[in-house]
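Chemist: below: sequence and its predicted model.
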Amino acid sequence: MSKFVSIQTTLKERIFLISALKQMHCEMLKTKKIKTLLHRVYDVDFAVKTPFGIVGFIKNKKGEFELAGDDMILKKNSKFIEQLTQKYAYNKVLTEAKKAGFQLVKETSDTDQSVRLVLRKWN
């Protein structure tokens, strides 16, 4: 039986979250409601169409966005949060580094999906 669940994350900044979602080929939806497989409707801050189904994000009292949706849909892709968190961190690091005057010199991806960035600041 499906049920509505929310999964806590540490993602706080909407701009980096949305950027990461777009990089993962997710489509931002205009609605602020999502349905479970049993057709129950829940309010969210924003909804997203992912390759595996529609999910939402709800900002909690700590200011963090929780991933929300039908547990049966979320089970279809258990690595989604890991990938989303990595893309979020990547976008945030590059943005903050550029603000501090750094430039991206080299980027590599390892077989374990880790990303290594080499940044340089010229004085």
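Modeler: That came in fine, so what should we check first?
Chemist: and Leu117, how far is that from Val105?
Modeler: Applying C-beta to C-beta, to the nearest Å, the value for Leu117 to Val105 is 8 Å. The C-beta positions use only the backbone N, C-alpha and C, and glycine is treated the same way.
Chemist: and these two? Which one has more around it.
Modeler: Set Leu117 next to Val105 and count neighbours by other C-beta atoms under 10 Å: Leu117 wins out with 14 against 9.
Chemist: how about that one: what's its closest non-neighbour residue?
Modeler: Leaving out its chain neighbours, the residue that sits closest to Leu117 by C-beta to C-beta, 6 or more residues apart in numbering is Glu107, at 5.5 Å.
Chemist: show me the strands in the protein, by range?
Modeler: Applying DSSP state E to the chain gives strands spanning 4-7, 27-29, 33-35, 41-43, 46-50, 53-59, 65-70, 103-109, 115-120.
Chemist: in the fifth one, what counts as buried?
Modeler: Within strand 46-50, the residues that qualify as buried by neighbour count (16 or more other C-beta atoms under 10 Å) are Phe46, Ala47, Val48, Thr50.
Chemist: how far does that strand sit from its chain's centre?
Modeler: 10 Å (C-alpha atoms, centre = their mean, to the nearest Å).
Chemist: so it versus strand 53-59, what angle?
Modeler: 150 degrees (axes from the mean of the first three to the mean of the last three C-alpha atoms, to 10 degrees).
Chemist: nearest residue to the residue most central in space within the chain other than its sequence neighbours?
Modeler: For the chain, the residue nearest the mean C-alpha position is Leu84 (3.8 Å; C-alpha atoms, centre = their mean). Residue nearest to Leu84 in three dimensions, not counting chain neighbours: Ala20, with 5.5 Å by C-beta to C-beta, 6+ apart.
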